[in-house]
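**Q** Could you work out the structure for the sequence below:
(one chain, ligands or ions: 1)
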Amino acid sequence: MIALMLGSTGQHVQVLQLGLSRAGLYQGELDGIFGPHTDEAVKHFQSICGIRPTGVVARLTWHNLLPYIRGYRVVFSRAGYTLWDMAKQYGTSTSAILTANPDLDPMHIIQGTRVTIPLPFSLVPTNIGYSWELTSYIVDGLIMRYPFMRLEVTGYSVMKKAIYSVVIGDGSRKILANSSHHANEWITTPMLLKFLEEYGQAVAMGRGINGKSAARLMENNTLYAIPLVNPDGVDLVNGVIQDGPYYRTSIAFAGDYPDIPFPSGWKANIRGVDLNLQYPAGWDVAKEIKYAQGYTRPGPRDYVGSDSLSEPESQAVYKYSLLKNPDISLSFHTQGSVIYWKYLSQNPPGSKILGERMALASGYSLEDVPFISGHAGYKDWFILNYNRPGYTVEMGLGESPLPLEQFNNIYTAGKSILVEAMS
Ligand SMILES: [Zn+2]
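**A** Now for the predicted structure:
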């Protein structure tokens, strides 16, 4: 995290405001503007933490805010300290603590035992911009709050950021879901993260999700959820990358495409390659089509790269898929409220029926991909390689990046699609 102070703006400030509001010290909008209210809340927070109240948010203040961002803190139990004492002290429930610490014997907490305390708020924010760093804190929070989830790393981006996969369940049906191949479609990242949180909660509480028993879903399915395929691109779109060599080259690439707004129109990875035109399924055809449309060099979108799988992000997802050998894949994009299900005329067994069910559940329509955009995408490769149901889900409606006002609708649709795929 970078140092912030009065006058700072941007996604980092939104994360700061999120932490302060969860700490109960900030009531304003999470608008990313470090104004007098944020300043006051920061100083208040600093004095509570025993930090000199300068209003400057540097390493120590971030460190103290971290539990409010990742949703838990770690404590060591004192002598005679009970589960109920801990729950009371942190305003959380005993059941949340037991979920996070499955090996803890509530009748016998030995002094000095390390205990994860889930803090009493929803973990996944749905009202601020996303970055790779925020995503890192959230996936950490998910596996700490719900230890039946596990975290894997599929590979690393151009700028060496981990591309995570959160795995839940150990059932025989394997489903791989991925979000944010395209940078300015990042709203699909909190969609998938929120789903993991709700799924985890439902499992922990023995509840259902969309009327299906969460425990049963977990028994029957293994879900591999890759929430952020394109971390550098999302950081660029959300203003987290604002200098350095990669920023300068991306600006230069964008300069070749003056009609595409920068950075909000950016779909590609940080090297200007469209990650969903990278897979070995008609890559040469995609190249021919995109070149004819004028996308012949790195840019904000539609450049296929120097070769298929030339980029570390698409390589990571490709290799991870081969390793996990999924039965079903779901790739979340924006926009159109459409589910695409075929590769050319290839329609894998069971694919149409599941597609129709997902369409019915979400209110999206099931459609064939137009030939011109039907090559070299993840779904295309998945269907070609496995002949199993693979879908591209175009969420929401409007111009990407879609506003967060659409989040609830997008989430509801995404949840019903994920639950349907697991049912
Ligand atoms: Zn897309």
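
**Q** Can you give me the pLDDT of whichever residue of the stretch 51-200 of the chain sits closest to the ion?
**A** For the stretch 51-200 of the chain, the residue closest to the ion is residue 182, as judged by CB to the ion, at 3.6 Å. (C-beta placed from N, C-alpha, C; glycine too.) According to the prediction, residue 182 has pLDDT 98.

**Q** do residue 255 as well
**A** 95.

**Q** what's the answer for residue 79, then?
**A** Turning to residue 79, the model gives it a pLDDT of 88.

**Q** Contact partners for the closest residue to it other than its chain neighbours?
**A** Nearest residue to residue 79, sequence neighbours excluded (CB to CB, 6 or more residues apart in numbering): residue 111, at 4.6 Å. Applying CB atoms under 8 Å, 6 or more residues apart in numbering, we find residue 111 in contact with 77-81.

**Q** mind checking the SS state of whichever residue of the stretch 251-400 of the chain sits closest to the ion?
**A** Closest to the ion within the stretch 251-400 of the chain is residue 333: 3.2 Å, counting by CB to the ion. What DSSP: H, G, I helix; E, B strand; the rest coil gives for residue 333 is strand.

**Q** Let me know whether it touches residue 401 as I believe.
**A** No. Look at residue 333 against residue 401 with CB atoms under 8 Å: they stay out of range, at 11.8 Å.

**Q** Name the residue in the two with the higher neighbour count.
**A** When neighbours are counted by other CB atoms under 10 Å, residue 333 and residue 401 differ, and residue 333 comes out ahead with 25 against 22.

**Q** Show the pLDDT at the closest residue to residue 364 other than its chain neighbours.
**A** Nearest residue to residue 364, sequence neighbours excluded (CB to CB, 6+ apart): residue 337, at 4.7 Å. On pLDDT, residue 337 comes in at 98.

**Q** Repeat that for the one 4 residues further on.
**A** The per-residue pLDDT reported for residue 341 equals 96.

**Q** Determine the number of other residues adjacent to it.
**A** Close neighbours of residue 341, defined as other CB under 10 Å, add up to 25.

**Q** what does residue 168 give?
**A** Counted by other CB under 10 Å, the residues lying close to residue 168 total 24.

**Q** what do you get for residue 8?
**A** Residues lying near residue 8 (other CB under 10 Å) number 18.

**Q** now do residue 112
**A** Around residue 112 there are 9 other residues, counting by other CB under 10 Å.

**Q** Tell me the secondary structure at it.
**A** coil.

**Q** Spatially nearest residue to it (excluding sequence neighbours)?
**A** The spatially closest residue to residue 112, leaving aside those adjacent along the chain, is residue 76, at 5.4 Å (CB to CB, 6+ apart).

**Q** out of all of them, which helix in the protein is the longest?
**A** As assigned by DSSP state H, the longest helix anywhere in the chain is helix 188-205.

**Q** Just the CA trace of that helix, in PDB.
**A** This file holds the C-alpha atoms of helix 188-205, laid out as PDB (Å, rounded to 0.1, in the frame of the first residue of the first chain):
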ATOM      1  CA  THR A 188     -16.900  -9.800 -12.500                       C
ATOM      2  CA  THR A 189     -14.100 -10.100  -9.900                       C
ATOM      3  CA  PRO A 190     -16.200  -9.000  -6.900                       C
ATOM      4  CA  MET A 191     -19.100 -11.000  -8.400                       C
ATOM      5  CA  LEU A 192     -17.000 -14.300  -8.100                       C
ATOM      6  CA  LEU A 193     -15.500 -13.300  -4.700                       C
ATOM      7  CA  LYS A 194     -18.900 -12.500  -3.300                       C
ATOM      8  CA  PHE A 195     -20.200 -15.800  -4.400                       C
ATOM      9  CA  LEU A 196     -17.400 -17.600  -2.600                       C
ATOM     10  CA  GLU A 197     -18.200 -15.700   0.500                       C
ATOM     11  CA  GLU A 198     -21.900 -16.500   0.400                       C
ATOM     12  CA  TYR A 199     -21.200 -20.100  -0.500                       C
ATOM     13  CA  GLY A 200     -18.700 -20.300   2.400                       C
ATOM     14  CA  GLN A 201     -21.200 -18.800   4.800                       C
ATOM     15  CA  ALA A 202     -24.000 -21.100   3.700                       C
ATOM     16  CA  VAL A 203     -21.700 -24.100   4.200                       C
ATOM     17  CA  ALA A 204     -20.600 -22.900   7.700                       C
ATOM     18  CA  MET A 205     -24.200 -22.200   8.800                       C
END
